[in-house]
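Novice: Build me a structure from this.
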Amino acid sequence: MGRNDKIVVGDYVVLRDRLYTETDEWAKVEGDVVVVGITDYAQKKLRDIVGVELPEVGREVRAGEAVGTIESVKASADLYTPVSGTVVEVNERLYEEPEVVNKDPYGEGWMFKVRMRDPKELEKLLKPEDYARRIREREGIKG
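Specialist: Okay, the predicted model is just below:
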């Protein structure tokens with residue numbers, strides 16, 4: 001991954017090839033399917049992730065709906081879906097190895113995939129630059 005593929009904000013990495021939610025999920029569009037995970041920022045805030053609860057395959061979800069939970073030693077956080085549609089796959093590896101989310105939040109640590117109903121919903125998500133700006137504001141990072 002080159003320098004231009006990501007934005008670095010303090011200790012946090014934001015990838016340019018996906019969209020983001022206000023609640024720290026990322027969405028990577030692959031045709032009519034959206035791969036969803038939590039951001040580097042979210043996993044670092046949660047710290048040691050010890051468990052996940054993911055939505056069931058076949059479940060109909062609505063954009064912004066809480067569809068799962070991420071448990072860490074420190075806290076529990078809801079997992080939200082960025083788009084409406086049908087859950088077509090979940091990352092079952094995370095049931096046995098939830099720590100993968102800490103190691104590789106943008107890759108092996110993906111959470112679930114949704115076949116989206118309305119691509120227009122993507123317009124409501126944050127572009128990488130906007131998400132990076134939100135992190136700067138929250139963390140008081142200059143630049």
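
Novice: Strands along this structure, start to end?
Specialist: Using DSSP state E, the strands found in the chain span residues 6-9, 12-15, 19-20, 25-30, 33-38, 49-53, 60-61, 66-72, 76-80, 85-90, 112-116.

Novice: what helices or strands is the longest one leaning on?
Specialist: On a contact count with 3 or more C-beta pairs under 8 Å, 6 or more residues apart in numbering; DSSP states H and E, strand 66-72 meets helix 40-46, strand 49-53, strand 76-80. All C-beta atoms are positioned from the backbone trio N, CA, C, and that covers glycine.

Novice: what about 7 Å?
Specialist: strand 49-53, strand 76-80 (3 or more C-beta pairs under 7 Å, 6 or more residues apart in numbering; DSSP states H and E).

Novice: May I have it as PDB, with CA atoms only?
Specialist: Backbone C-alpha positions of strand 66-72 (Å, rounded to 0.1, in the frame of the first residue of the first chain) are rendered in PDB as follows:
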ATOM      1  CA  ALA A  66     -27.200  -1.700  15.200                       C
ATOM      2  CA  VAL A  67     -26.700  -5.200  13.900                       C
ATOM      3  CA  GLY A  68     -24.000  -6.600  16.300                       C
ATOM      4  CA  THR A  69     -21.700  -6.000  19.200                       C
ATOM      5  CA  ILE A  70     -17.900  -5.800  19.600                       C
ATOM      6  CA  GLU A  71     -16.600  -6.700  23.100                       C
ATOM      7  CA  SER A  72     -13.300  -5.500  24.400                       C
END
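
Novice: residues in contact with that strand?
Specialist: In this structure, residues lying in contact with strand 66-72 by C-beta atoms under 7 Å, 6 or more residues apart in numbering are 38, 46-55, 61, 76-81, 111.

Novice: again, only using 6 Å
Specialist: 46-55, 61, 76-81 (C-beta atoms under 6 Å, 6 or more residues apart in numbering).

Novice: Generate TSV for the strands of the chain, with mean pLDDT, mean neighbour count and distance to residue 97 as supplementary columns.
Specialist: Formatted as TSV, those follow (pLDDT from 0 to 100; neighbours: other C-beta atoms under 10 Å; distance: least, C-beta to C-beta, whole Å):
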stretch	mean pLDDT	mean neighbour count	distance to residue 97
strand 6-9	96	16	24
strand 12-15	98	21	21
strand 19-20	98	22	24
strand 25-30	98	18	19
strand 33-38	98	24	14
strand 49-53	98	17	10
strand 60-61	98	17	24
strand 66-72	98	18	14
strand 76-80	97	17	17
strand 85-90	98	18	14
strand 112-116	98	22	16
